[in-house]
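> Sequence and predicted model, in that order:
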4 protein chains.
Amino acid sequence: MIIVTKSGATPAEIEHIVERIAEWGLKTEVSHGAHRVVIGVIGPEDLIREKPIAAIPGVESATPVLKPYKLVAREFRGTESKVKIGNVTVGGPEIVIMAGPCSVESKSQITEIAASVRDGGARVLRGGAFKPRTSPYSFQGLGIEGLKLLAEARESSGLPIITEIMDTKDLPEIEKYADCLQIGARNMQNFALLKEVGRSKLPVMLKRGMSATIKDLLMSAEYILSEGNFNVLLCERGIRTFETMTRNTLDLNAVPVLKAETHLPVVVDPTHGVGVREFVPAMALASVAAGADALMLEVHNDPEHAKSDGEQALLGHEFAELVQQIRKVAEAIGRSV
Amino acid sequence: MIIVTKSGATPAEIEHIVERIAEWGLKTEVSHGAHRVVIGVIGPEDLIREKPIAAIPGVESATPVLKPYKLVAREFRGTESKVKIGNVTVGGPEIVIMAGPCSVESKSQITEIAASVRDGGARVLRGGAFKPRTSPYSFQGLGIEGLKLLAEARESSGLPIITEIMDTKDLPEIEKYADCLQIGARNMQNFALLKEVGRSKLPVMLKRGMSATIKDLLMSAEYILSEGNFNVLLCERGIRTFETMTRNTLDLNAVPVLKAETHLPVVVDPTHGVGVREFVPAMALASVAAGADALMLEVHNDPEHAKSDGEQALLGHEFAELVQQIRKVAEAIGRSV
Amino acid sequence: MIIVTKSGATPAEIEHIVERIAEWGLKTEVSHGAHRVVIGVIGPEDLIREKPIAAIPGVESATPVLKPYKLVAREFRGTESKVKIGNVTVGGPEIVIMAGPCSVESKSQITEIAASVRDGGARVLRGGAFKPRTSPYSFQGLGIEGLKLLAEARESSGLPIITEIMDTKDLPEIEKYADCLQIGARNMQNFALLKEVGRSKLPVMLKRGMSATIKDLLMSAEYILSEGNFNVLLCERGIRTFETMTRNTLDLNAVPVLKAETHLPVVVDPTHGVGVREFVPAMALASVAAGADALMLEVHNDPEHAKSDGEQALLGHEFAELVQQIRKVAEAIGRSV
Amino acid sequence: MIIVTKSGATPAEIEHIVERIAEWGLKTEVSHGAHRVVIGVIGPEDLIREKPIAAIPGVESATPVLKPYKLVAREFRGTESKVKIGNVTVGGPEIVIMAGPCSVESKSQITEIAASVRDGGARVLRGGAFKPRTSPYSFQGLGIEGLKLLAEARESSGLPIITEIMDTKDLPEIEKYADCLQIGARNMQNFALLKEVGRSKLPVMLKRGMSATIKDLLMSAEYILSEGNFNVLLCERGIRTFETMTRNTLDLNAVPVLKAETHLPVVVDPTHGVGVREFVPAMALASVAAGADALMLEVHNDPEHAKSDGEQALLGHEFAELVQQIRKVAEAIGRSV
């Protein structure tokens, strides 16, 4: 921690700052510059990271030296982590494609789409049973019935399944069916939920919130790891900006930044990120080139009748063609699909 | 709903769009312009609001004519709603001041601050028992013990209390102690939680999410009202922008917009909004001038030792002086404190 | 400047960093912490502020201790500056109202509006002759003819005039007519223009760019002062965010921040800030309560036929009523209008 | 244009709206729905696009049916445009690499870098002579001397040159030396400058402003085309968001959107977009996969001593290696380098 004092901070104020730091168990080194006094804090930064240093009179700024995340930090492992969803490994040379509809709507719908995306190249099936919808009047998902249909689609297709959890009290039920839990963007800082899935045995895919910084995303993942669950995937799915021609602004910059900051695998969801069907393929290819370890794509067999997000879902044959292109780009950068 | 077709949309595509709308139970009126075909949809817009119209081939855009919120809309009531917290009415000519510490830390802390803010002019006591913190290593609140201390402070000060709920499973316990529930910015789209508090008898203050549009905030409030709880307060507390000299960007523009769009009372939290103690008074006065029905302010008796947000909390005497100024501005616009 | 090295920075890298700093004429103090090496740079920070320190191998971050602006800094003067527009002083206890149409459209239009806003309480007349318009097909202003009409309106109304400059080559002509130059939001970082008006004798009102941080605004003002022109007003006029119910997000937080950071007077333009006529009064009152030294308001005598921005302009009588309210709020905070 | 009236709009207000539209030369079609009256405007939308329709009493919203840009619209040409810089064609199957230093600093610097980037695979040399810098105390570029050095580097390397113009009055001088003009992000809405380069014979690369929507970018390009210069390249270079781990947020979503909306070629500048050297390669590859027609990359032979932006420039050998990777990705999507 490096503390810069205000111009005109008095010797008594400086002394008071030093005493406060000492009270919290750390030493200080005071440097008198021409315009400012700089106080370096020596010792474990964790002891004072959360202290209200800016509330001490005379303090202009207090800048930490270390990052606030530990277990998720790249340095913690040194190497990249691999996370298994069923028998599929995310985080290795193979880029894993997860695909399926936004919502599970019926047995025939999910079974057909599961077969279609498996044949098109998907390794994991996605589908929402509990749906976070902006409006209370929108389709809210089939709930437990949807979980059962997903499990049947796993049987028929052989693909492991990932599905969203929205409430701590649903965890026992969802754990019976899912191979991977998903925390949606709107719940990225639902800390009660993060702690709960941190105690689960299932892997968790954590989506970046619409206004979450990369640091915020890493801190939310830290919640899950700190409860003991290290099987976490981070998913970039678009942030909210002023641009209106796309649903969100898929922030591919986050991909190389995350790969440098953490050992956890990085997933990109171009479907929600750009939110317009015709632009999904370009963003999917770009995600792979940027370094994503996995992609999540929405596919529907009848988008015009989809109960949610039909305007951004690919058709089965469009998905299969896209996977062919993804494979070429993956190979161009030394990976596979 | 008004549908604009793509340049070059074929007659077959136009016909297909019209059929889809008919299938959903509505009529259409097709206008052929020089460059585009415009299809007006006639009948109750709710029937197609959630349909994936943009997924139909040939559609360029589909613009609703009506707002998606109903129960929260100003038109629904015609007049402004009043919400009671204990015996305090929010939404009338009096501007209600809610104040207290960020977190409940101890019996003496909350009792002292309660007396101090009551004497300074507060009508409601705030204090967090369950705390949403970015880091898992930060103080997470005293939990149920904190609720009990709040209840004791209510006894001693006579002020009703507002406190945050973070998880559906905590509702029964919190309902035993609180006079008003608070949903924090990070849970504004935690729809499971919104539904749960919608079934409570207690009033709810819903804070705007960091990247929530005003429409999103209203839709989240709609969730609560649609479950039967009409005692909802909306709180502007700062949005996330690119500016870094303030913690958030308190969006006072939202105040007159909300007053025009909804019948629900509007609260402003300048403390979190600007996030720097020395700037809180200016923003509190501006909030009142902009038309806020209530203010929420953080006050601490020992900010340097506060367990959270000490850098933005006012001292008791600063708060009392600010209330004097607030009173003058309130009177200048024909209201009182 | 405080340099934090990367985890794993080698002794050779540390040494190389120290040598680079020495080469630029400054001394260093190296502290070895448990996880990072911190290098404090001793001596005038200006010598290395612009150096590519982050390009040196082993550097994780380089944080300046001092602010990058000097002449505009509050510390530079110690007291608040006053700026005169004609015989009107901005920056004293009186809050100055500037009002007029978006664009000068005709002699009768500008003359009538000038009389109307003077009678309503305005002290300065605004009106655009050179108009920055998003579309090349929009009305671009009357140019020099508009300047002449403004000068005539000054004669008839007695109000000094402020008008926008968009191009360096127009300065000589505009200087013949204007009492104050305005730099629009879109030109806030048109550095050639900033330098040019920095050499003018006229005062300059500099509007904050739509995505400019407060620091960026101060740095742009620094350009003007560094050329010798200290008569600069800073104007908050709304930033661009994700919110769409308002044209821009008027950032009133900038008012107290600017008052703390700089000695220059602060103007707020609520008309462009919120961009919807019915919300302008609330934001005008809030601007005053937040501490603005002056307001700029758009007024039109026939908004339905205005050549630009008719949807946000107040009518003359609305303006006069608003000034009455502004006066009351101004008095509530110990100022006048 | 489709006008939706306010709930409760009176018959007199509706009639008044219809009369206003008629006065502007267009017909209307009034539909009475259950909750709102919708007025469709029939005839050329251009006649009323700029009219202050929202200023008419009773109007809730006025939504255009057509896009506001014409000459830049994809429909205008039907096919993609090709733009020549010297003898290099941008907009064909070949992805063109433009590279060079941020600023021209000396003869040896620019000559060496020119040879290095040419050998590495660049087809165009970039280099700034007039530099837009946030601080007046930063290096402002060598000006005309820099232009001469660029021309010498063109001689020695054989690469055509692109350089930035910041002020209308510099055009005659810059035209003597440059092969392509660049308008920087900060001048994207410097309309005087846009008109001036619209009258030049040289091609123009227009960079997207930090807070410019894609529509804003297209409207600024429309200014240039409307003056007669159709040789325009559009460049995505990062927008401003809340994220701080990257300098800007490179918005690759803009690439497929622009390819769909306009016939003009699309350039991406990953260097400024992400702003951190180690993340530039990933973003360059992603830009190609997203569909960019050209890339602009900063390369320096001695970044630690660069006079601007050294922290984001690639070294010559890093650039050459990156071009090898770019070539593979280009081939994977059926293009070349």
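Looks like it came in fine.

> Which strands and helices lie in contact with the helix or strand hosting residue A:115?
Per DSSP states H and E, residue A:115 falls inside helix A:107-120. Packed against helix A:107-120 by the contact rule (3 or more Cβ pairs under 8 Å, 6 or more residues apart in numbering or on different chains; DSSP states H and E) you find strand A:96-100, strand A:124-126, helix A:144-157, helix A:316-332. Just so you know, the C-beta spots here come from the backbone N, C-alpha and C atoms, and that holds for glycine as well.

> mind listing what's buried in that helix?
Buried residues in helix A:107-120, counted by 16 or more other Cβ atoms under 10 Å in any protein chain shown: A:109, A:110, A:111, A:112, A:113, A:114, A:115, A:116, A:117, A:118, A:120.

> residue of the stretch 51-200 of chain A with the smallest distance to chain B?
residue A:52 (2.7 Å; Cβ to the nearest Cβ).

> so how far is residue A:2 from that residue?
Look at residue A:52 and residue A:2: by Cβ to Cβ, to the nearest Å, they are 17 Å apart.

> Comparing the two, which shows the higher neighbour count?
residue A:52 (24 against 21; other Cβ atoms under 10 Å in any protein chain shown).

> Which residue ranges of the stretch 151-300 of chain A form strands?
Taking DSSP state E, counting those that start in this stretch as the criterion, the stretch 151-300 of chain A carries its strands at A:161-164, A:180-183, A:204-207, A:232-236, A:266-268, A:294-298.

> residue contacts, the residue of the stretch 51-200 of chain A closest to chain B?
Contact analysis of residue A:52 by Cβ atoms under 8 Å, 6 or more residues apart in numbering or on different chains lists B:303, B:304, B:305, B:306, B:308, B:309, B:310, B:311.

> Quick check: phi and psi at residue A:40.
phi -90, psi 130 (degrees, to the nearest 10).

> residue contacts, residue A:280?
Contacts of residue A:280 by Cβ under 8 Å, 6+ apart are A:270, A:271, A:274, A:297, A:312, A:314, A:322.

> please redo it, this time with the cut-off set to 10 Å
Contacts for residue A:280 were tallied using Cβ atoms under 10 Å, 6 or more residues apart in numbering or on different chains; they are A:250, A:269-274, A:297-298, A:312-314, A:318-319, A:322, D:256.

> And for residue A:60?
With Cβ under 10 Å, 6+ apart, residue A:60 has these contacts: A:3, A:4, A:5, A:6, A:7, A:9, A:36, A:37, A:54, C:65, C:67.

> And residue A:102, by the same measure?
A:126-128, A:131, A:139, A:141, A:271-272, A:298-300, A:303, A:306-310, A:312-313, B:52.

> again, only using 7 Å
Counting by Cβ atoms under 7 Å, 6 or more residues apart in numbering or on different chains, residue A:102 touches A:128, A:298, A:306, A:308, A:309, A:313.

> Tell me how far the closest residue to the last one other than its chain neighbours lies from residue D:160.
It stands for residue A:313. Leaving aside its chain neighbours, residue A:313 sits nearest to residue A:300 (3.8 Å; criterion: Cβ to Cβ, 6 or more residues apart in numbering or on different chains). From residue A:300 across to residue D:160, the span is 48 Å (Cβ to Cβ).

> More neighbours: which of these two?
residue A:300 (30 against 19).

> My read is that that one contacts residue A:316, right?
No - at 8.4 Å, residue A:300 and residue A:316 do not qualify as touching, with contact defined as Cβ atoms under 7 Å.

> So which residues on the stretch 101-250 of chain A come close to chain B?
A:132, A:134-139, A:166-169, A:186-187, A:189-192, A:210-211, A:216, A:219, A:222-223, A:226, A:240 (Cβ under 7 Å from any Cβ of the partner chain).

> when you check chain C, which of the residues you listed turn up near it?
residue A:240.

> Buried ones among the residues of the stretch 101-250 of chain A next to chain B?
Using 16+ other Cβ under 10 Å as the burial test, those include A:132, A:134-139, A:166-168, A:186-187, A:189-192, A:210-211, A:216, A:219, A:222-223, A:226, A:240 as buried.

> For the stretch 151-300 of chain A, just list every one of the helices.
A:171-177, A:191-198, A:214-226, A:254-261, A:270-274, A:280-290 (DSSP state H, counting those that start in this stretch).

> List the buried residues in the shortest one.
Meaning helix A:270-274. Buried, per 16+ other Cβ under 10 Å, within helix A:270-274: A:270, A:271, A:272, A:273, A:274.

> by contact count, what packs against it?
helix A:280-290, strand A:294-298 (3 or more Cβ pairs under 7 Å, 6 or more residues apart in numbering or on different chains; DSSP states H and E).

> Identify the residues contacting residue A:58.
Neighbours of residue A:58 in contact, by Cβ under 7 Å, 6+ apart: A:5, A:6, A:9, A:10, A:13, A:14, A:17.

> Quick check: pLDDT value at the residue nearest to residue A:157 when sequence neighbours are not counted.
Distances taken as Cβ to Cβ, 6+ apart put residue A:114 closest to residue A:157, at 3.8 Å, once the chain neighbours are dropped. Per-residue pLDDT puts residue A:114 at 98.

> Since that was my last question, I'll sign off now.
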